[in-house]
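> Structure, please.
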Amino acid sequence: MPGRIGLGRGLRLLALALCSTAHAASAQDAVSLTDHQAVADSAARAWLALVDAREWDAAWSGMAPRFRQQVPQAQWRSMLERMRATVGEPTGRAVGAVAACADFWGPLAVHFTYRSATESGAGTGEEVCVYPEDGEWYVGVYSMGSG
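Residues are numbered from 1 along each chain as shown. Now for the predicted structure:
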């Protein structure tokens, strides 16, 4: 996607191709979350708080084990620093859409698209797919881009 900066086009496209849309709302609509989705949203926002605080290593630890096996921690840090330098720091976010990612991350995975505001005043989009495993929530996909 033009204007998108993420964790690598191939990884992002693979993960998004495996996600099937369960529920989506237009930018004007409020998104109503199920109880499970609300828990997933809390997990995603807790992880995003690490990214917002520039705690890159802690955020990397919260990524899916499969992701951590493929993307070294130093590469992760570098990607996030470039991403944030390009689009700026988020100052707020709201859920714009919710989808299932069951095919790749398991039956309880939830994919969020957030509408985010940045310090520059520009809007951006963030995508986060979270899933539970062994009592912990992990992030399988994260991307941020203009839009």
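
> so who does the residue nearest the centre of the chain touch?
Of all residues in the chain, the one closest to the mean position by Cα atoms, centre = their mean is residue 128, 1.8 Å from it. Neighbour list for residue 128: 44, 47-48, 111-112, 114, 139, 141-142 [criterion: Cβ atoms under 8 Å, 6 or more residues apart in numbering]. For the C-beta atoms, the positions are set from N, CA and C on the backbone; glycine is no exception.

> which residues does it form a beta bridge with?
For residue 128, the beta-bridge partners under DSSP bridges are residue 112, residue 142.

> Per-residue pLDDT of it, please?
Listed pLDDT for residue 128 reads 94.

> And the helices in this structure?
Taking DSSP state H as the test, the helices found in the chain are 9-18, 35-52, 56-61, 65-70, 73-87, 102-105.

> Look up how far residue 52 lies from residue 88.
Residue 88 sits 12 Å away from residue 52, going by Cβ to Cβ, to the nearest Å.

> ok, those two, which is more surrounded?
residue 88 (18 against 15; other Cβ atoms under 10 Å).

> Not counting sequence-adjacent ones, nearest residue to the more buried one?
Spatial nearest neighbour of residue 88, excluding adjacent residues (Cβ to Cβ, 6 or more residues apart in numbering): residue 118 at 3.8 Å.

> Now do the one you found: how many residues are near it, please.
Counted with other Cβ under 10 Å, the burial measure for residue 118 works out to 18 neighbours.

> can you pull the contacts of it?
87-91, 124.

> which two from these end up farthest apart in space?
Checked with Cβ to Cβ, the contacts of residue 118 reach their widest spread between 87 and 91, with 11.8 Å between them.

> Looking at those two, which one has more neighbours?
residue 87 (23 against 12).
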